[in-house]
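[1] Sequence and predicted structure below; questions after.
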Amino acid sequence: MKIPDATSLSTILVVDDETGSQDAIRRTLEEDFNVLTASSADEARVLMERHELAVILCDQRMPGTTGVQFLKEVRECWPDVVRIIISGYTDAEDIIAGINDAGIYQYVLKPWMPDHLLDSVRGAVEARSLQLDMHRLDIELRTSTSVLRVRTAEKQTRLKTTFDFARIIRVAGSPMDGICELAARVARYDLSVLVLGESGSGKELLARAMHYASPRAERVFVMENCGAISDNLLESELFGHKRGSFTGAYEDHIGIFQRADGGTVFLDEIGDTSFAFQVKLLRVLQEGEIRPVGATRAVRINVRVIAATHRDLEQEVHAGRFRQDLYYRLAGMTLTMPPLRERPSDIVPIAEALLAQASQEMGLPARSFASDAMASLITYPWPGNIRELRNEIYRAVALTLTENTQISAQAFSSKVLQGRPGTAAGVNGATTMNSMRQTGTLQERLDAIEAAILKETLLRFRWNKTHTAKELGLSRVGLRNKMVRLGLEKK
């Protein structure tokens, strides 16, 4: 990595197809920074080849490509440049893709305020400077083995703390308590572990916690999604290949199993692999060695395998789609992650943690949930589990005006407001039936049913009291009195 000079540390590139926007941003930043401008991604590439940059500000909507697509390319070719998107559109999918794929530092919405934009760029430049300072320290540390040893130990301690079982968010008495306790006990031993559970339920997080609680914690944890790529590519990724072994193999490639020697390999979606690949994986687990594609000799490995799937592997074995011998090899211990709908008490702390994370990543002040938003989160069954909850919260933060400090229910998608995926009547049916099963006096049980109906209707109309009152045949005053009596609105 080349250490930039002082000029490059203050050089900003603005990419926008509108010259008026370019000029406005230049005027805002030129007193503090050296500002370059480009009207297209092609012009930006030329400038980036010629100049070392600290920050790139890119408009989202441009001819030929989107800002997110271009910044994804920037991340691959110039990973040290801090990336900021400026957009007049609150497209939640673009924002989420920008954070996940393009590694965007901040998402600035139009119309932007000069002071806010200037502060954002200053923060980005400072982050770049700190990154360079860390790189210089790393270079200096290479000369001292003892210092490196201490530094490595400190990083290992931070990793163990970050992925500790206690950091898996849950309340006391959560169904996750028993899972984490059992996983912590098993983590100490070199048993293969099979983690079952729906997509997005946190299987990878549990696997990481097991790795960092095991004697292998000082070695690497590597994961591969077995259902995302073809057999041939999966074999190459896991076992490696030799140069010339197939078209496109221009150099030797060390596979995941060899890179993770001494550590843990997490094979996600193992149930989606083909029968042919399962035979090759079984041999690796039985023999403790791999044979890279095109190699003439096997390589000994020492790894612990944790596998995961959303499928019922026993049923897959009975149906002839999964090898029985591989199943028993993987399932030395089986752990089942409960879906989010079976741990409703955990929704609030998980949602609050995700909200804080989303606000920080988008460069926004701390946010909180309004009461109607929290009611929507608790009511919805989350078929996509924590992954769906995360995307919904990021979407809500993106759609909430910058000056608002509370996330309201109106920022959520219609399916969350309705309480059931794809149906508007789901909440009413499920919640009312649950209320009918409650114990208590007749009046208490009737009140519970009435409260459920009121909540469902309020959610369906995004807490619009006029529409809710009309739907239920009430006056607004009558509706408000019922809400106060049933605890749905403060007096």
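    Sure thing, it's come through.
[2] Residue 155 sits in which helix or strand?
    In this assignment (DSSP states H and E), residue 155 forms part of helix 145-162.
[3] taking the mean pLDDT, what do you get for that helix?
    For helix 145-162, the mean per-residue pLDDT is 66.
[4] right, and the helix or strand after it?
    helix 176-187.
[5] can you list contacts of that following helix?
    Identification of contacts with helix 176-187 by CB atoms under 8 Å, 6 or more residues apart in numbering yields 165, 168, 170, 193, 206, 209-211, 213-214, 333, 335-338, 343, 346. No exception for glycine: its C-beta is placed from N, CA and C like everyone else's.
[6] what's stretch 16-29 in contact with?
    For stretch 16-29, the surrounding residues in contact (CB under 8 Å, 6+ apart) are 12, 14, 35, 37, 39-40, 57-59, 62-63, 86, 114, 117-118, 121.
[7] Any buried residues in that stretch, and which?
    Buried residues in stretch 16-29, defined by neighbour count with 16 or more other CB atoms under 10 Å: 16-17, 21-22, 24-25, 28-29.
[8] and if you look at stretch 395-407?
    Buried, per 16+ other CB under 10 Å, within stretch 395-407: 395-400, 407.
[9] Run the chain-centre distance for it.
    On the basis of CA atoms, centre = their mean, to the nearest Å, stretch 395-407 sits 19 Å off its chain's mean C-alpha point.
[10] go on, stretch 456-472?
    Computed by CA atoms, centre = their mean, the chain-centroid distance of stretch 456-472 equals 33 Å.
[11] what about it, how long is it end to end?
    11 Å (CA to CA, to the nearest Å).
[12] cool, stretch 46-62 as well?
    End to end - CA to CA - stretch 46-62 spans 17 Å.
[13] got it, and stretch 103-116?
    21 Å.
[14] May I ask which helix or strand of this structure has the lowest mean pLDDT?
    Counting by mean pLDDT, DSSP states H and E, the chain has its least confident helix or strand at helix 426-436, which shows a mean of 40.
[15] For the helix or strand just after that one, which helices and strands make contact with it?
    Sequence order places helix 442-460 as the next helix or strand after helix 426-436, per DSSP H and E. Helix 442-460 sits against helix 371-379, helix 414-418, helix 426-436, helix 465-472, helix 476-485, with contacts defined as 3 or more CB pairs under 8 Å, 6 or more residues apart in numbering; DSSP states H and E.
[16] related to what we said a few turns ago, make a PyMOL selection of the buried ones in the contacts of helix 176-187.
    To isolate the buried ones among these in PyMOL, judged by 16+ other CB under 10 Å, type:
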select buried, resi 165+168+170+193+206+209+210+211+213+214+333+335+337+338+343+346
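[17] List the buried residues in stretch 277-289.
    In stretch 277-289, counting by 16+ other CB under 10 Å, buried: 277-278, 280-282, 284.
[18] so how far is it off the chain centroid?
    31 Å.
[19] Now it: average pLDDT?
    Throughout stretch 277-289, pLDDT has a mean value of 93.
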